[in-house]
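*Asks:* Generate coordinates for the sequence data below:
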Amino acid sequence: MNHLHYTPRRELYERIKSFQGHLLNNNVDGALIIQKADLFYFSGTCQNAHLFIPAQGEPTLMVRKSLRRAQEESALENITALRGFDEVFKNINTLLKGQGKIGLEMDVLPANLFLRYKSSLLPLEAVDVSKFIRETRMIKSPYEIERLKESAKLNFKMFSEVSNILREGMTEVELAGRLESVFRERGHQGAIRMRGFNQELFYGHLMSGWNLSYPSFFDGPTGGTGLNPSYPQSAGFKKIGKNEPIMVDYVGVCNGYMVDQARIFSIGPLPDKLVEAYHAALKIKAQIVKETLPGTNGKDLYEIAHNIAVASGYEEHFMGYEDRISFIGHGIGIELDELPVIARNFAVILKPGMVFALEPKFIFPHEGAVGIEDTFVVTESGLEQITSFDEAIQIL
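*Replies:* Below is the predicted model:
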């Protein structure tokens, strides 16, 4: 596995061309890209920089620190040194001749920076282009899908070690630390990027028994106590016991691209109720794989999942208990919360190249949770599963 991988020039310019199409179609004269994930996507580097993408023509990467690394990492043609904010605004106003619309990432740009940029870019009109960025990134190229498959191999290696490490009486955080070391020594970057405000994740969720149903702020079906109130999610100091579900729901990420995957482990058999609910989750997954083709509406897939949950008799436990969520799948790539979202109230027509993690889960208060998660890519003939590991409950 290549741990030092630079995005090819052709890949970058194809992404920029696609985004420029959005700008032209919406009468936006250019966009200023600042956020790290977007910078990496369009320039191939995460250095401290501003990327100006005109609606037509060559983009300019203005770098504050480190210029040398940006020149090594990015295959863009125009990479220049930047000495201060004022130089950014001067350069853009010169390129746009002081008139027109300039796009900003208003979904992630802090308010104080937005106000400063809006004022400094005058007489240009600042407009929101975050939707166009997310829609561009939603369709993965063959190159990106190969990166995702590399991360899926990383996940398979981690899941393959669970049965060798897990033992009764160890704490959740001990198991988490051992599995995360498997990740790190094989190239996992450690950080999980999320776009949503105040959403954060460290490798993923690993909990057992009652802690699987412990609520948290995280916008997902599971929460967990965490180690303290400053980071109140995922593994805690709870000791892992017999006959309780242990969910390893981890995000593999290599060379910037991530996959999301979950499996259930148990030391001894689980109660019948949890096994039945797990079979319902498997049925949801199988039916969605069967039904999904390009042109399918994501809302319809959510309804398929919900109907199976109702028929199973475990509807009230579907995707949460105290605080249920209304999605069963989320886009994934450079960030964990990309488009598309497979949700009750989110209409999205699936197209080839879209990638999402499907996660039907059932939460039982004081007892735990069961479910499965895998990452899929939409192809011309349906869904292709990128992640792999035995679907059965892994009973030790």
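
*Asks:* When you work out contacts or count neighbours from here on, use the C-alpha atoms and nothing else.
*Replies:* Fine.

*Asks:* how far out from the middle of the chain is stretch 216-231?
*Replies:* 17 Å (C-alpha atoms, centre = their mean, to the nearest Å).

*Asks:* mind listing the helices in the stretch 151-300 of the chain by residue range?
*Replies:* 172-184, 272-291, 298-312 (DSSP state H, counting those that start in this stretch).

*Asks:* Indicate which one of these is closest to Met247.
*Replies:* helix 172-184 (10.2 Å; C-alpha to C-alpha).

*Asks:* Now that closest one: buried residues?
*Replies:* Across helix 172-184, burial judged by 16 or more other C-alpha atoms under 10 Å covers 172-176, 179-180, 182-183.

*Asks:* neighbouring contacts of it?
*Replies:* For helix 172-184, contacts defined as C-alpha atoms under 8 Å, 6 or more residues apart in numbering pick out 154-155, 157-158, 161-162, 165-166, 190, 203, 206-208, 235-240, 252.

*Asks:* 10 Å - rerun?
*Replies:* 154-155, 157-162, 165-167, 171, 186, 188-190, 202-208, 211, 226-227, 234-240, 246, 248, 250-254 (C-alpha atoms under 10 Å, 6 or more residues apart in numbering).

*Asks:* Tell me the gap between stretch 26-40 and the middle of its chain.
*Replies:* The answer for stretch 26-40 is 19 Å, by C-alpha atoms, centre = their mean.

*Asks:* now stretch 201-211
*Replies:* With C-alpha atoms, centre = their mean as the basis, the mean position of stretch 201-211 lies at 17 Å from the chain mean.

*Asks:* Just the C-alpha atoms of that stretch, please, in PDB.
*Replies:* Output in PDB follows, covering the C-alpha atoms of stretch 201-211 (Å, rounded to 0.1, in the frame of the first residue of the first chain):
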ATOM      1  CA  LEU A 201     -15.100  11.500  15.400                       C
ATOM      2  CA  PHE A 202     -12.000   9.600  16.500                       C
ATOM      3  CA  TYR A 203     -11.700   6.400  14.400                       C
ATOM      4  CA  GLY A 204     -15.400   5.600  14.900                       C
ATOM      5  CA  HIS A 205     -17.600   3.900  17.600                       C
ATOM      6  CA  LEU A 206     -16.600   0.900  19.600                       C
ATOM      7  CA  MET A 207     -18.900  -0.100  22.500                       C
ATOM      8  CA  SER A 208     -20.400  -3.100  24.200                       C
ATOM      9  CA  GLY A 209     -23.600  -4.000  26.000                       C
ATOM     10  CA  TRP A 210     -25.500  -1.200  27.600                       C
ATOM     11  CA  ASN A 211     -23.000   1.400  26.400                       C
END
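
*Asks:* Show me what counts as buried in that stretch.
*Replies:* For stretch 201-211, by 16+ other C-alpha under 10 Å, it's 201, 203-211.

*Asks:* Tell me how many other residues surround Ile165.
*Replies:* 12 (other C-alpha atoms under 10 Å).

*Asks:* Show me what the lowest-mean-pLDDT helix or strand in the chain is packed against.
*Replies:* Least confident helix or strand, the chain: strand 201-202 with a mean of 87, by mean pLDDT, DSSP states H and E. On a contact count with 3 or more C-alpha pairs under 10 Å, 6 or more residues apart in numbering; DSSP states H and E, strand 201-202 meets strand 191-192, strand 246-254.

*Asks:* Give me the contacts around the first one.
*Replies:* I take that to be strand 191-192. Contacts for strand 191-192 (C-alpha under 10 Å, 6+ apart): 200-204, 251-253, 256-258, 334-336.

*Asks:* Quick check: can you name the pairing partners of it and their directions?
*Replies:* When pairs are called by DSSP bridges, strand 191-192 turns out to pair with strand 201-202 (antiparallel).

*Asks:* Pipe the helices of the stretch 151-300 of the chain into JSON lines and attach distance to Gln71 per row.
*Replies:* Listed next are the helices of the stretch 151-300 of the chain as JSON lines, based on distance: least, C-alpha to C-alpha, whole Å:
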{"stretch": "helix 172-184", "distance to Gln71": "27"}
{"stretch": "helix 272-291", "distance to Gln71": "43"}
{"stretch": "helix 298-312", "distance to Gln71": "41"}
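
*Asks:* Looking at the ones you listed, spot the one closest to Ile145.
*Replies:* helix 272-291 (18.3 Å).

*Asks:* Same question for that closest one: list its buried residues.
*Replies:* Within helix 272-291, judged by 16+ other C-alpha under 10 Å, the buried ones are 274-285, 288-289.
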